[in-house]
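*Asks:* dropping the sequence and predicted coords here.
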Amino acid sequence: MVDADNKIKIEKIKGFRDHYPEDMEIRNSIFTEITETAEDFGFKRIDFPSLEYLDLYKLKSGSELVSQTFSFVDKGGREVTLIPEATPSTVRLLTARKDLPKPVKWYSFPKVWRYEEPQEGRFREHYQFNADLFGIDSAKVDAELIGLATNILDNLGLSGIYEININDRNLLEYILNDLNINDVNNAFLIIDKFRKISRESFIEMFRKLDANDENINKIIDLLSEKLDMDSLSKKLKKLLNNYKNIDDRIKRIQETFEYISYYTKSSINFDFSVVRGLSYYTGIVFEAFDVAGKLRAILGGGRYNNLASLLSGDDIPAIGFAMGDAVIELLLKRQNLWERNIRKASYYVCVLNDVNSEYPITIAQKIRKTNKIASIDFTGRKLPAQLKAAMDYDYSIIIGNDEIKNNSVSIKNMKDGDQKILSFDDFIKSL
RNA sequence: GCCGGGGUGGGGUAAUGGACAUCCUUGGGGACUGUGGAUCCCCGGACCCGGGUUCGAUUCCCGGUCCCGGCCCCA
């Protein structure tokens, strides 16, 4: 755009965000907390391109997702897209390497894009943390991955304000079959809408799947409340014609719930209405929700045992979850937790105007060698102005000709204003 | 893709169909050649873009754009 003065004026692209230093400082410290928790669990970081072939998502992510990608045809005629999610790329990396010993525990923190209307907690570009565990299909592993998710939230200070809701697509499929509903995929889509649409339209949609009213009522009964393990099996025994066939699934879920309890004190529920939009999930699916309600899911994930074989023919069981930065930011701000952690001590080196010496650089380099922050004021402005710039720092160091002559350092504590003169050697020792 | 509410210096704001567009803050400079991080003074900087109505539009109308939020959908 060009205005009357012929100055080029460029606006930000819709749904994209700028991050200034005061924002990035906090963001970095939050992101570090997240990645360090993953590292603590033995997950290793990976990264991949922001651009992939659109086909990668046509495969199994679902047509809805594909229609919401930032995709285009490149100069070579290839249909490519800014990645809308990380899982397909992660699986591509995994299957491209046949030598990796299983299990593989990977995390990533890419930007992902989706072409949607921005609204609260949703942008067209956002950071998304991902953790995936490949090679083992067991309750212990399901619990570890969900445990990692809860520990991340707990470490961010969100204990008690979220809950984990878990479902099992496998179990849900058995149940639907038992109730003579065979179009499972469409049933999932309807169930996913359960909390958003009226009871009447829910019933109407299920009738179109040839379900009888008795069974529809059973489904509504199942979806209506979050369950603990006892009430889950009791309820299913009462509702189903052949409970025995799902005995193993129930046991697996019971085990999973028990193991999760060793990771977190947070509330864990079974919730049949959690289905998730991605079509590649095969077993357990879960979401973390804000207890106070209103916000979208904080994070979500599940088991996807077939994706690797779709991409490569290799049969590799997998479970993972993803967490966007936008909802986390909203939650942390609401809890007044959107702040930086304690950082390294910082020094601002004020240099008086008549100083012409390498001494300030020498001092700053000594400070940096001890892994602390040092910034030198090269402006040549007057001391008061330099001290003002030093207000963000823990200490200011004032270097004038007196200090150079005496080989000393004037150090001022910017918190309480205390100032003292140290010899150069004593100052180095004090670091 | 659809709907609602917004857009005045870097940030926050006031007023207005007519002359130099208000105030606070931030930024730059000075009083002031080492602690004034204060105080005082000075300076710079804005009506989102395009079209229409009008003698005249920052103001009214239309379109676009971006922001905030809702729907759809959700990774």
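*Replies:* Noted; the coordinates are in hand.

*Asks:* from here on, just use CA atoms for contacts and neighbour counts.
*Replies:* Will do.

*Asks:* helix/strand/coil for whatever residue of the stretch 301-431 of chain A ends up closest to RNA strand B?
*Replies:* Residue of the stretch 301-431 of chain A nearest RNA strand B, by C-alpha to the nearest atom of the strand: A:Pro384 (2.4 Å). Following DSSP: H, G, I helix; E, B strand; the rest coil, A:Pro384 is assigned to helix.

*Asks:* okay, it: pLDDT?
*Replies:* You'll see A:Pro384 listed with a pLDDT of 85.

*Asks:* and if you look at A:Lys14?
*Replies:* So, for A:Lys14, pLDDT stands at 93.

*Asks:* quick one on the thing from earlier: from A:Trp106, how far out is the residue of the stretch 301-431 of chain A closest to RNA strand B?
*Replies:* 51 Å (C-alpha to C-alpha, to the nearest Å).

*Asks:* more neighbours, those two?
*Replies:* More neighbours surround A:Trp106 than the other of A:Pro384 and A:Trp106, with 21 against 10 (other C-alpha atoms under 10 Å).

*Asks:* now do the worst-scoring helix or strand of chain A on mean pLDDT: distance to the chain's middle.
*Replies:* Across the helices and strands of chain A, mean pLDDT, DSSP states H and E gives its lowest value to helix A:63-67, namely a mean of 79. Counting by C-alpha atoms, centre = their mean, to the nearest Å, helix A:63-67 is centred 21 Å from the centre of its parent chain.

*Asks:* just stretch A:185-192 next, same as before
*Replies:* Distance, centroid of stretch A:185-192 to centroid of chain: 26 Å (C-alpha atoms, centre = their mean).

*Asks:* show residues contacting it.
*Replies:* Where contact means C-alpha atoms under 8 Å, 6 or more residues apart in numbering, the residues beyond stretch A:185-192 that reach it are A:Ile181, A:Phe202, A:Met205, A:Phe206, A:Leu209, A:Ser273, A:Val274, A:Val275, A:Arg276, A:Gly277.

*Asks:* what helices or strands is the longest strand seen in chain A leaning on?
*Replies:* Longest strand in chain A, counting residues (DSSP state E): strand A:125-134. Here strand A:125-134 touches strand A:104-108, strand A:111-113, helix A:139-155, strand A:318-324, helix A:325-334, going by 3 or more C-alpha pairs under 8 Å, 6 or more residues apart in numbering; DSSP states H and E.

*Asks:* hey, which of these is tucked in deepest?
*Replies:* The highest average neighbour count among these, using mean count of other C-alpha atoms under 10 Å, belongs to strand A:318-324 at a mean of 24.

*Asks:* list the pairing partners of that strand within its sheet, with orientation.
*Replies:* Note on strand A:318-324: by DSSP bridges, its sheet partners are strand A:125-134 (antiparallel), strand A:299-303 (antiparallel).

*Asks:* adding distance to RNA strand B and mean neighbour count, write those strands out as a markdown table.
*Replies:* Output for the strands paired with strand A:318-324, formatted as a markdown table (distance: least, C-alpha to the nearest atom of the strand, whole Å; neighbours: other C-alpha atoms under 10 Å):
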| stretch | distance to RNA strand B | mean neighbour count |
| --- | --- | --- |
| strand A:125-134 | 7 | 22 |
| strand A:299-303 | 6 | 25 |
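
*Asks:* what about the nearest residue to A:Arg17 once chain neighbours are set aside, distance to A:Leu133?
*Replies:* Leaving aside its sequence neighbours, A:Arg17 sits nearest to A:Glu125 (C-alpha to C-alpha, 6 or more residues apart in numbering; 7.5 Å). Distance from A:Glu125 to A:Leu133, counting by C-alpha to C-alpha: 25 Å.
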